[in-house]
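A.B. asks: Provided below are the primary sequence and the corresponding predicted coordinates.
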Amino acid sequence: MGLSDTLEEYFGVAEHGSDAGTEAIAGITTFLAMSYIILVNPFILADAIEIPGYEYIEVVQMIAIGTIIASVVAIFVMAFYANRPFGLAPGMGLNVFFAYTVVLGMGVPWETALAAVFVEGIVFIAITAVGAREYVIRLFPEPVKFSVGAGIGIFLLFIGLLEMSIVVPDPDTAVTLGSLATNPAALLGLFGLLVTFMLWARGVTGAIIIGIVGTTVAGWLAYLSGIAGSAVLPAALVGEEGGLSFAVVSSPQYDISPLLFAFVDGVQGIDPLTFTLVVFTFFFVDFFDTAGTLIGVSQFGNFLDEDGNLPDINRPLMADAVGTTVGAMVGTSTVTTYIESSTGVEEGGRTGLTALVVGLLFLATLVFIPLIAMIPAYASFIALVVVGIIMLEGVLDVDWHDPAWAVSAGLTITIMPLTYSIANGLAAGIIAFPLIKAATGEFDDVHPGQWLMALALVGYFYVYTSGMLG
């Protein structure tokens, strides 16, 4: 029996109406669709993680390695334990929450933030093992389940446009259009974004990664031809006098020991109440964001039953729980299932063999770590905008004629970007659902657990807005 036959038998490929060749193509497709995280996640987290004695781009390279390791571990659990064709990696939105809300916003040391991620990962493993996580997810109001993807999409879209300077802060109107005509980096980012959208519209596999690499090449060509100055290049390669240094490319930072188990130092000298609140906040955001994304992916792949639930959801949930715990050990934020997994499902991926291929390809990218230093930030953030647009598809599944659905889904979608928080959007939608159902006299449509969840989230909002989180 050959390797292909062995894998087909192990994953039950034939029983799921697929074959090894189809699963391999699906895995390659999923990898190409989500591989941008290897470039994007390090740039986001490096804004918050400062390590004495190491340059910014060296920290980026370290986090890239941690990103790959955490992704591979989680994907292998998804493949061999859950037998689902889903890819996992540090989650978009959750990494932003880690960097900009917890570390930079709340002033929590990054080591402590990693400790919080580690603790909530362990808790997730425990509650997933006993089925408690699945029970709570099943209590989610349907409009929240089906709208969370669109809310996350708008949130990512907003962050991406800000990071690319296409949209900039404004004291009078909160945000406004950036000075594109006089900012070559923003102009290149906009050009790359439009090209990426065109490739995606044409159905080109790996459109996002092609867009990032193509925009990077365009930026370097603009600099080398004299069309644009060094502002279009990665800041880490430009010296104080405008000269270039490629030391970080020729001698990349593969030693991630400063990140390994750094979370252990994070629990020293911190107030127990503060740490508990940080863990609670991470737990809340991770719990609902992971559930929402997993449901969104399953919705896209038609894996949900008639009630909008994913059968045997505990198994894929365990994959992200283990990945999150390992990710905290190697210096990255929460791991979650990726909406881009739907591209592999569309190619026919039906089993864990698809995920196994994704994991092996992630592992292979370790050799390309040096090249990350060549990519300017405006190119890497193209991914956020494109993924954000794709995720808006979820609004089609909302019954906008039903008042409870319209209010609950509407708040879920809009509160996320407006408050810069995935958790706030989900909480608003969950609280609104039973209230609107009660107002319309449809008490029987509300589970008692949904009332308890809404009450608990009112408490969350009190804590969040009272200043107790710092």
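C.D. replies: Looks like it arrived, so ask away. The structure presented is a predicted model; accordingly, all values stated were derived computationally and were not measured.

A.B. asks: Show me the shaky parts of the stretch 201-350 of the chain.
C.D. replies: 236, 239-243, 269, 284-285, 288-289, 292-293, 296-297, 299-302 (pLDDT under 70).

A.B. asks: Which residue ranges of it form strands?
C.D. replies: 335-337 (DSSP state E, counting those that start in this stretch).

A.B. asks: in a helix, that's where I51 is, yeah?
C.D. replies: No. The assignment for I51 (DSSP: H, G, I helix; E, B strand; the rest coil) gives coil, which keeps it out of a helix.

A.B. asks: what's the spacing between the closest residue to it other than its chain neighbours and P109?
C.D. replies: Once flanking residues are discounted, I51 sits nearest to P258: 4.9 Å by Cβ to Cβ, 6 or more residues apart in numbering. Heads up, the C-betas are built off the backbone N, CA and C, glycines and all. Using Cβ to Cβ, to the nearest Å, we find P258 at a distance of 14 Å from P109.

A.B. asks: of these two, who's got more company?
C.D. replies: Ranked by neighbour count (other Cβ atoms under 10 Å), P258 and P109 place P109 first, with 19 against 16.

A.B. asks: Could I get the contacting residues of the more buried one?
C.D. replies: P109 makes contact with 103, 266, 270, according to Cβ atoms under 8 Å, 6 or more residues apart in numbering.

A.B. asks: returning to what we had before: isn't the residue nearest to I51 right up against Y54?
C.D. replies: Yes. Using Cβ atoms under 8 Å, P258 makes contact with Y54 at a distance of 6.8 Å.

A.B. asks: what residues are shared contacts of the two?
C.D. replies: M62.

A.B. asks: Just want the phi and psi numbers for I313.
C.D. replies: For I313, the backbone dihedrals are phi -60, psi -20 (criterion: degrees, to the nearest 10).

A.B. asks: Near it, how many other residues are there?
C.D. replies: Count around I313 with other Cβ under 10 Å applied: 23.

A.B. asks: which residues of the stretch 1-150 of the chain fall in helices?
C.D. replies: Applying DSSP state H, counting those that start in this stretch to the stretch 1-150 of the chain gives helices spanning 3-11, 20-34, 37-46, 56-77, 94-96, 110-129, 132-138, 142-163.

A.B. asks: From L193, how far off is S179?
C.D. replies: 17 Å.

A.B. asks: Compare those two and say which is more crowded by neighbours.
C.D. replies: L193 (24 against 11).

A.B. asks: show me the contacts for G449.
C.D. replies: Here G449 is in contact with 136, 139 (criterion: Cβ under 8 Å, 6+ apart).

A.B. asks: That one: which element?
C.D. replies: Per DSSP states H and E, G449 falls inside helix 448-465.

A.B. asks: and that helix, what's its mean pLDDT?
C.D. replies: Averaged across helix 448-465, pLDDT comes to 84.

A.B. asks: could the helices of the stretch 1-150 of the chain go into TSV alongside mean neighbour count and mean pLDDT?
C.D. replies: Shown next, in TSV, are the helices of the stretch 1-150 of the chain (neighbours: other Cβ atoms under 10 Å; pLDDT from 0 to 100):
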stretch	mean neighbour count	mean pLDDT
helix 3-11	15	83
helix 20-34	23	86
helix 37-46	27	89
helix 56-77	26	95
helix 94-96	24	83
helix 110-129	22	92
helix 132-138	17	72
helix 142-163	25	84
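
A.B. asks: In JSON lines: those helices, plus distance to L363.
C.D. replies: What follows is the helices of the stretch 1-150 of the chain, written out as JSON lines (distance: least, Cβ to Cβ, whole Å):
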{"stretch": "helix 3-11", "distance to L363": "17"}
{"stretch": "helix 20-34", "distance to L363": "11"}
{"stretch": "helix 37-46", "distance to L363": "11"}
{"stretch": "helix 56-77", "distance to L363": "5"}
{"stretch": "helix 94-96", "distance to L363": "21"}
{"stretch": "helix 110-129", "distance to L363": "21"}
{"stretch": "helix 132-138", "distance to L363": "28"}
{"stretch": "helix 142-163", "distance to L363": "26"}
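
A.B. asks: can you tell which of the ones you listed is closest to L224?
C.D. replies: Closest to L224 of the helices of the stretch 1-150 of the chain, according to Cβ to Cβ: helix 56-77, at 20.0 Å.

A.B. asks: Could you export that closest one as PDB, CA atoms only?
C.D. replies: Taking C-alpha atoms only, helix 56-77 is exported to PDB below (Å, rounded to 0.1, in the frame of the first residue of the first chain):
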ATOM      1  CA  TYR A  56      12.200  45.800  15.100                       C
ATOM      2  CA  ILE A  57      12.700  43.700  12.000                       C
ATOM      3  CA  GLU A  58      14.500  41.000  14.000                       C
ATOM      4  CA  VAL A  59      11.500  40.800  16.300                       C
ATOM      5  CA  VAL A  60       9.300  40.500  13.200                       C
ATOM      6  CA  GLN A  61      11.300  37.600  12.000                       C
ATOM      7  CA  MET A  62      11.100  35.900  15.400                       C
ATOM      8  CA  ILE A  63       7.300  36.300  15.500                       C
ATOM      9  CA  ALA A  64       7.100  35.000  12.000                       C
ATOM     10  CA  ILE A  65       8.700  31.700  13.200                       C
ATOM     11  CA  GLY A  66       6.400  31.600  16.200                       C
ATOM     12  CA  THR A  67       3.500  32.200  13.800                       C
ATOM     13  CA  ILE A  68       4.500  29.200  11.700                       C
ATOM     14  CA  ILE A  69       5.100  26.900  14.700                       C
ATOM     15  CA  ALA A  70       1.800  27.700  16.300                       C
ATOM     16  CA  SER A  71       0.000  27.300  13.000                       C
ATOM     17  CA  VAL A  72       1.600  23.900  12.200                       C
ATOM     18  CA  VAL A  73       0.700  22.500  15.600                       C
ATOM     19  CA  ALA A  74      -2.900  23.600  15.400                       C
ATOM     20  CA  ILE A  75      -3.300  22.400  11.800                       C
ATOM     21  CA  PHE A  76      -1.900  19.000  12.600                       C
ATOM     22  CA  VAL A  77      -4.400  18.700  15.500                       C
END
